[in-house]
Structure formats: structure tokens, C-alpha cells
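Chemist: Need a 3D model of the sequence below.
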Amino acid sequence: MFRRFIIFCINCSRWVANLWRRIHRRRVDYVRLRLSGAIAEFADAPPRWQRLLLGSHTPLSVATTRQLFAQIAADPQAWGILLYIDSLTSGWATLQSLRAEIAVLRAADKQVVAYLITPDIASSYVACAANSILMPPTAHWNVLGLRSEVQFLREALAKWGIQIEAVAVSPYKSATDTLVRDDFSPESRAQFERLLDARYQELLQAFAQGRNKTVDEIRLLIDQAPLAPKAAIAAGLVDQLCYEDEIETYLRAPEQERELIMIDHKVAHKILQRPYLTYHKQQIGLIRVEGSIMRGVNRVVPLPIPLIGGATAGAESFLQAMRQAEHNPYIAAIVLYVNSPGGEVFASDLMWREVQRIRQKKPIVVAMGNTAASGGYYLATHASAIIAQPATITGSIGVFILRPILAEALEHAAIHTTVVSRGAHSGLLGGSQPSTASEQQALQDLVFALYADFTERVRSGRGLSAEQLEPIADGRVWLGNEALNHGLVDQLGGIPEALLKAQALAGLPANRNATMLLLHGGKEALAPQPFPTHPSAEMLQLVTHILQNTPWALLPFECW
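Modeler: As a prediction, this is how the structure comes out:
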């Protein structure tokens, strides 16, 4: 009853605000929105002290863009949106999510105009989903194709006296190749090139559809790039060359006398008609799994360190968030947003178990981001449904153990190691001496035992036989549309499709723009963390954990 009253009050205030705007004829023709940098699916607000002292704002995300587009679509007076697109560096699945939102806005009979400041391949890929593309008169169309450079570090590490031992289920499980090889293995190269070809073909089709050309025509134009501005116009890749102060002249119809009303997206909510909320006793919960999977709580390590750098998804935080959703009577279903290359096998298994257990009570739908592979796929196998973008990197069903050998490096540093041990495999988890033949066999047995568990999870969760799974496992990586054909995912799409699927499974009315309740796994529900919590102590703890030769279910460091 209290929630119903709150929604009633909100809708009353919005009705008054909308009436006031109609009376005063407050209208907007175009909303201006800048898309640049690494836009994520979701973005967290900065700490309160940064907002107060530094004036920091919550970064733009696909989720906030989706809300803005929905508001524009619902306002009958709004004409559309002007997108300033500049040096986008988001993952390919995120770019597809942006393109999908542009398509939804266009379907609502709104104009989407892209001002392409930096005509590189990622920015142009998003821009070609718009109704029209504008470009500065001095910008060149720099859609040069796809290229990826991989650095192999074996010889460089050897110069420092560091040797890496690695045991993996197959050559396709190539996460350790950059540390133990000087070039691709034949299997890894074949996989890398297959994924690059598939992604390039999708880009060609997107450009061809957006600019009303054939795939062969787009391929030829890319091979001729960079193209001068006039050449891009002549080829039909761009609709108009203009400076920013000339955009309004282009947008205004010749017979139109009044100036266009164009506002920034940050103030659009003050002018656009506000949508009304709908009361539902139950709603969908949202839990995010972003970064490498580790034991403990969610962290952000601001250093580019393999395995532990960047965001880490803590199993303990995930478990607490899932249990919050489980015990909340107002949450009818759960959407898991997984954007992770995988991580520690044990942590992934704990998360898998929680999904398997709670699914018996409430539907769980996984929405995959740019990457949801290896351990990120492991935890998703028993969800009620799995949804991925066509460009999502997924699969990589496999396990490896990476074992750094520091004996020579320690000798170079005049550090002498004496070992006293009991037990044939007592040095298995140590990092000072090379493993013995018996220890190597033990590591291999461990990897294949964990791999057997992984494949059993996939077979039981996805309903695949051993014969069906064998040719698509062994660490092989797939794009989302390939994974759909192999039965690894159920549907193509993003967060809106996952929301609609969760609503259907929970018996709730379909609403693409319904608000989801974000669950973090609050610290108050967690066990106290060890003291001290100084960043250097936490970093030392993470590095020590890496050196313990933990089994990993992880993608290569460089994802395609």
C-alpha cells in the first residue's frame, strides 16, 4: 500500500509538471547528446564527496541513454535527437546495444541525426544506424577495417629470469599463450581469424544496411579508406558536411521560419513530458557481474595487471546480492548482467551454485555484455534463459593453471632459496622451482577433473549431449550469434530483451522500460574484512593469491 501511495504521489507531481509545460508551450525539437569514450551498459555514481567537492557526475551509460530515448519517444512535441559521436571505444556488444536503442527511437517516428566528429570504425558503426550522418568539412572517413596486435612475452620474461608453466585443456584454451609462446598456436590463430572474419562481416552488413549499399561496395570503400570528406559524400557514406554552427540550418526545413529549440540532454528532463509510473506489486531485480571473477568482495584495482587489474567481480558480493533477491518478496525474477572474461574456477562454481539453487524459486535470466565467457559462462549455465548480443564473446569452456617459476629471477637478485619439504607434491603450489614430472601430471589431472565438472555443468544446464558439446568446447570461443546456433544461448538481444524475458517467466506485464531494482550485496551483510584495508595491503593480498597457482576459467588477456 505504501509503494502504491508513493507512485500515486509521483504521478500526480508529473501530471502537474506536464500540464505546466503544455500551458507554457515548453517544447523541444532536438535533444543534444554526446557519445564518446568507453560508454558502459551501466555506470555507478561517483562518491558523494566527489559530487560535492569536484562537481562530478554519473558517467553516461547505455542504461541512461535508453531512459532518455524512451522519454523522447513518449513526447509528441519532440522531433528527435542529435548525437555528437566522438571516438567511441566501447566494446562491440555495447555498440550494438546503442544501435538497438537508435532503432527503437526511429521506430517511434523520431529523427536521429549523427554528427560524426571522429569517423573511425566504432563511431561510424553507431552513426550508420541513424537517419542521417553529418561530418565536419575537414574530417576524413577513417573506417580502415579491423586490426588486433598481440604481444607474446615469453622471451621478455625469460630475460628477467621468469618462466611460466601452464597446463590447459587444449590449444584452444589460449589464455596463457602470450606468456608461454612466441606466436599463435595453429588452433589459436585459426580461432582468432575466424572471430575477426565474423565480426568484420557483421560490420560490413551494418554499414551496407545503414547506407543503402551492398556489402561488396562497403568492402571496397573500406579498402580505399581513408576517404576525403567530398569523397565520403560522393560515395553516400555521409549526408552533409557542416560545422557545428551550421547543423541547425541543415535540420530546419526550408519553409520553417522559427529557430529550432535544441537542448542538452542534462536538462531535457525539465522540458520533455515526464512518463507516468505503473504500479506493480512485484518487479525485476538486477545483479551485475563485471570484471574478472575472484573470491571475496567486488573491487576495482586501478592498475593494468593481468588477471586482477581493473574491476573484479567478487563471489561473496554476488552471493549476498542473490540472497537479497531470494528473500525479497517484491522481486519476482532476476536479471544477471554478465560482462566478464571469467576468472577463478572455485569462485565461478560458488556463483553457479547460487544460480542453480535460486532458480528453483525465481526465474533468472542472464544478459551477456561484451564478454561473458569461460568462468563468466560457467556461472550462467543453469539460468532460466541466456541472452547475448551478436557480438558478445562467449563460450571458452575450459580450464587452465598458470604457474610462474621465479627460481632464476631470485638467483639474479642474489636471493638463495632452500626448500625443506614432506610429501611428493608439496611444491605443487609453490612458485620458486620448476615442477617435477609427478607434479606436472598432478596438475594435468587437476585441470581435466575441473574441466569435466565444467562440461557437466554445461550439459545439464543447456540440455546438450556429450557428442553435441565436444566440438564446441575445449576452450573454443564464439560470438553471440554463433553461440545461438550451437545452443549455448537462447536468444539474441540486450538488457531490454532480458527484462522482457524475465517478466514473461514471472508472469508480469511486458514493459521494456520498466525499472529494475539494482542489488549490490551490501557490506552490512558481509563478514568483516581483515584489517588493515590499506590499498597496498589489498594489492599484496591479490598478487599473493595469483601466485598460488589457482585454477582459472578465463579468456585470453586480449579479447577480440
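
Chemist: residue boundaries of the strands in the stretch 451-560 of the chain?
Modeler: 477-479, 491-492, 517-518, 551-554 (DSSP state E, counting those that start in this stretch).

Chemist: what's the most buried one of those strands?
Modeler: Most buried of those by mean neighbour count (mean count of other CB atoms under 10 Å) is strand 551-554; its value is a mean of 28. C-beta: built from backbone N, CA, C; applies to glycine.

Chemist: Contacts for it, please.
Modeler: With contacts defined as CB atoms under 8 Å, 6 or more residues apart in numbering, strand 551-554 is touched by 175, 292, 307, 341-346, 348, 374-375, 378, 396, 398-402, 446-447, 450, 454.

Chemist: And for stretch 93-103?
Modeler: 35, 39-41, 62, 65-66, 69, 83, 88, 90, 112, 122, 125-126, 129-130, 206, 368-371, 388-393, 480, 493-496.

Chemist: Helix or strand with the lowest mean pLDDT in this structure?
Modeler: Each helix and strand of the chain was given a mean pLDDT (mean pLDDT, DSSP states H and E); the minimum falls on helix 535-546 at a mean of 52.

Chemist: From the contacts of strand 551-554, which land in helices?
Modeler: Among the contacts of strand 551-554, the members falling in helices (DSSP state H) are 345-346, 348, 375, 378, 446-447, 450, 454.

Chemist: Asn32 belongs to a helix, doesn't it?
Modeler: Just so we're on the same page, residue 32 is Arg rather than Asn. No. Under DSSP: H, G, I helix; E, B strand; the rest coil, Arg32 falls outside any helix and is assigned strand.

Chemist: From Gly375, how far out is it?
Modeler: Noted for Arg32: a distance of 41 Å to Gly375, by CB to CB, to the nearest Å.

Chemist: neighbour-wise, which of the two wins?
Modeler: Gly375 (33 against 17; other CB atoms under 10 Å).

Chemist: what sits against that one?
Modeler: So Gly375 contacts 293, 340-345, 347-348, 552-554 (CB under 8 Å, 6+ apart).

Chemist: can you check Leu221 too?
Modeler: Counting by CB under 8 Å, 6+ apart, Leu221 has contacts 143, 227, 235, 237.

Chemist: where in the stretch 401-550 of the chain is pLDDT low?
Modeler: Per-residue confidence for the stretch 401-550 of the chain (pLDDT under 70) gives these ranges: 430-431, 522-549.

Chemist: Let me see the ranges of the helices in it.
Modeler: 407-412, 437-462, 466-469, 480-485, 495-506, 535-546 (DSSP state H, counting those that start in this stretch).

Chemist: Which one, of these, ends up nearest to Gly314?
Modeler: Ranking those by proximity to Gly314 (CB to CB) places helix 535-546 first, at 11.3 Å.

Chemist: Verify the contact between Leu450 and Phe400 for me.
Modeler: No. Leu450 lies out of contact with Phe400 (CB atoms under 8 Å); the separation is 9.5 Å.

Chemist: Quickly list what the closest residue in space to Leu517 that isn't next to it in sequence is bridged to.
Modeler: In space, Leu517 comes closest to Gly285 once its chain neighbours are excluded; the distance is 5.0 Å by CB to CB, 6 or more residues apart in numbering. Beta-bridge partners for Gly285, by DSSP bridges, are Ile334, Leu517.

Chemist: before we move on, what about the one 4 residues further on?
Modeler: In this structure, Val289 bridges to Val338 when assessed by DSSP bridges.

Chemist: Could you report the distance from it to Glu316?
Modeler: 13 Å.
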